[in-house]
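# What follows is a predicted structure for the sequence shown.
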Amino acid sequence: MSSANLSKSIFLGIALTFVSHNEAKAQLTATGQIRERTELRAGQGTLQKEGDKAGLFNSQRARLNIGFTGYRFKVFMALQDVRVWGQDASTINRTTTEANNGILLHEAWGEIMLNDTISKIQNLSLKAGRQEISYDDQKVLGGLDWLQQGRRHDAIVFKFANKGWIADVGAAFNQNKELNTGTVYNGVPTAYGAGTNGIGTMYKSFQYAYIGKKLSFGDISFLFFKDDFNRYTNVTSGTPAVTTKVNGQGVWSRNTTGFYFNTNVTRKFNLTGSLYHQGGKDKDGRSISANLASITSTLQVGRKLFVGPGIDYLSGTDGTKAVTATSESNLFDPLYGTPHKFWGSMDYFYAANGFGKQGLLNYFFKMKYNAKDNLTFFLDIHGFESANTLSNGAGGELDSYLGTEVDLLVRYNLTKMINLEAGYSFMKATNSMASAAVKNVATPDLSPQFAYLMVNIKPNFLAKK
């Protein structure tokens, strides 16, 4: 064999080996989810009036998740349909289907590995597309999985991980449609409820940096998050006078800075806490100076029982002071987190509905009992109080205590892919909760209840039998 042919054979052999190696490393994943949840609401989210009947409905989430990992890249897509049983006609009804917008692309992202396989760095990558963004305990940034439609962001994130360190830098930039001029953004996308925490407006853009370190006794992290909201002016015209919101160029920027820690003080005693400060301007252009402080303790008692008290403080505005367009806001907004996880299963605070501007004190005691490997019981008791003075609207003050909530929950794993969950919550609310300063409900039922039953099936379509 000539030297030229020998060289070609060697080159071809190396190429085939390389291709075969990378094909072997390529991995396709295909999973799904069917989650059915039946809810009985008798004052969930907001107090109902005395004599109102409870609401009963079944909602459904269906997801199809497809992922592929190849040489120096990953792609992932999650197609999602969320709807309430009966909201669509049982045969073709185009208008109804379009109005409900049940089907959407929950995630669709690609990740490029910037470091080769021989690099000593664990991960250096760029992830772009629609994606969930979750960190730490999800108090300020989380996937909000309780909500059937969840939460996602259209963003790009630079990711680094090595020797216990994690560093992510991300950004997003929203537009309503393709534009030839300007960058004005209407923060209420067509046919979709915008924002969370009752703000009713989507961010125009955001930029953030997250740094975390895993330690032998726990972990600690730092977060800087800046979200921007399109500026607007209120224009009044006509007879009778009508005020219209007119978006313009530029943004108001809000920044949130703080840290989180999770530490094992002893083998059976854990402490988790966070501290954040919020500044800049809110979505209406008001200056902000607000704070969040939280600490949670967990003590293992015996082999199966975990208990612990904790407290959350989210600052607010003094209800006895006049609020103007130029006055400073002290209301802390927990951004894009998972409020259902922290401030009661009945979602009175920091969920889609607003609850006033006076902030929140949440005193709680939690219990978790692992009866079996596949059976767990939970009991959470919350005491909710306004973090600031509540006004009665007539120059006086209201009692700051809002109510006591008890949440009961049981989870049972029938198999690795089938989970059953049932919950029951009740509250003893005060008249302050029903006041115009908080929920603004006349003749309220001050003993609201909430119950649900959920079936969660998560098949792995490519799993070996």
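Arrived safely, thanks for sending.
# Can you list the low-confidence ranges for the protein?
1-26, 91-101, 190-196, 465 (pLDDT under 70).
# top strand in it by residue count?
Assignment by DSSP state E gives strand 242-266 as the longest strand of the chain.
# by contact count, what packs against it?
When contacts are defined as 3 or more Cβ pairs under 8 Å, 6 or more residues apart in numbering; DSSP states H and E, strand 242-266 packs onto strand 218-237, strand 269-280. The way it works is simple: take the backbone N, C-alpha and C, and place the C-beta from them, glycine included.
# Pairing partners for the shortest one, with directions?
Within its sheet, and counting by DSSP bridges, strand 269-280 is paired with strand 242-266 (antiparallel), strand 290-301 (antiparallel).
# try the longest one
Within its sheet, and counting by DSSP bridges, strand 218-237 is paired with strand 205-215 (antiparallel), strand 242-266 (antiparallel).
# Output these in TSV; the columns should cover distance to V82 and mean neighbour count.
Shown next, in TSV, are those (distance: least, Cβ to Cβ, whole Å; neighbours: other Cβ atoms under 10 Å):
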stretch	distance to V82	mean neighbour count
strand 205-215	24	17
strand 242-266	28	15
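# wait, which of these is closest to G45?
Closest approach to G45 among those is made by strand 242-266 (25.1 Å; Cβ to Cβ).
# before we move on, back to that, mind putting the helices and strands packed on strand 242-266 into a markdown table with mean neighbour count and distance to G316?
Listed next are the helices and strands packed on strand 242-266 as a markdown table, based on neighbours: other Cβ atoms under 10 Å; distance: least, Cβ to Cβ, whole Å:
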| stretch | mean neighbour count | distance to G316 |
| --- | --- | --- |
| strand 218-237 | 17 | 20 |
| strand 269-280 | 18 | 12 |
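# coming back round to it: between the strands paired with strand 218-237, which one is nearest to Q44?
Of all these, the one in closest proximity to Q44, counting by Cβ to Cβ, is strand 242-266 (28.3 Å).
# partner residues bridging W252?
With DSSP bridges as the criterion, W252 is bridged to F229.
# dump the residue contacts of it.
D228, F229, R231, G280, K281, D282, K283, D284, G285 (Cβ atoms under 8 Å, 6 or more residues apart in numbering).
# and if you look at I288?
R254, Q278, G279, G280, K281, D282, E328, S329, N330, L331.
# hmm, 10 Å instead?
With contacts defined as Cβ atoms under 10 Å, 6 or more residues apart in numbering, I288 is in contact with 252, 254-256, 277-282, 315, 328-333.
# How about it, nearest residue that isn't a chain neighbour?
Of all residues not flanking I288 in the chain, S329 sits nearest, at 5.0 Å (Cβ to Cβ, 6 or more residues apart in numbering).
# now swap in R151 and tell me
Spatial nearest neighbour of R151, excluding adjacent residues (Cβ to Cβ, 6+ apart): L144 at 4.1 Å.
# G164 contacts S221, correct?
No - counting by Cβ atoms under 10 Å, G164 does not reach S221; the two are 11.7 Å apart.
# Mutual contacts of the two, please.
Taking Cβ under 10 Å, 6+ apart as the contact rule, G164 and S221 both touch G212, K213, K214.
# From those residues, pick the one nearest G337.
Among the shared contacts of G164 and S221, G212 lies closest to G337 (Cβ to Cβ), at 16.4 Å.
# tell me which element the spatially closest residue to E385 that is not a sequence neighbour is part of?
Spatial nearest neighbour of E385, chain neighbours left out: L361 (4.2 Å); criterion: Cβ to Cβ, 6+ apart. L361 is part of strand 360-372, with elements assigned from DSSP states H and E.
# got the buried residues for that strand?
For strand 360-372, a neighbour-count test (16 or more other Cβ atoms under 10 Å) marks L360, L361, N362, F364, K366, K368, Y369 as buried.
# tilt between that strand and strand 290-301?
Calculated by axes from the mean of the first three to the mean of the last three Cα atoms, to 10 degrees, strand 360-372 forms an angle of 30 degrees with strand 290-301.
# hmm, back to that, any chance of the contacts of W252 in CSV, plus distance to F206?
Shown next, in CSV, are these (distance: Cβ to Cβ, whole Å):
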residue, distance to F206
D228, 7
F229, 10
R231, 16
G280, 12
K281, 14
D282, 14
K283, 13
D284, 18
G285, 17
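# hang on, the earlier thing: in TSV: the strands paired with strand 269-280, plus distance to L47.
Output for the strands paired with strand 269-280, formatted as TSV (distance: least, Cβ to Cβ, whole Å):
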stretch	distance to L47
strand 242-266	29
strand 290-301	25
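# looking at those, which is closest to V184?
Relative to V184, the nearest member of the strands paired with strand 269-280 by Cβ to Cβ is strand 242-266, separated by 5.0 Å.
# and H340, that one's in a strand?
No - assessed with DSSP: H, G, I helix; E, B strand; the rest coil, H340 is helix; it does not lie in a strand.
# give the contact list for it.
By Cβ under 10 Å, 6+ apart, the contact list for H340 reads Q138, G142, L144, D145, W146, L147, M346, D347, F349, Y350, A351.
# Since that was my last question, I'll sign off now.
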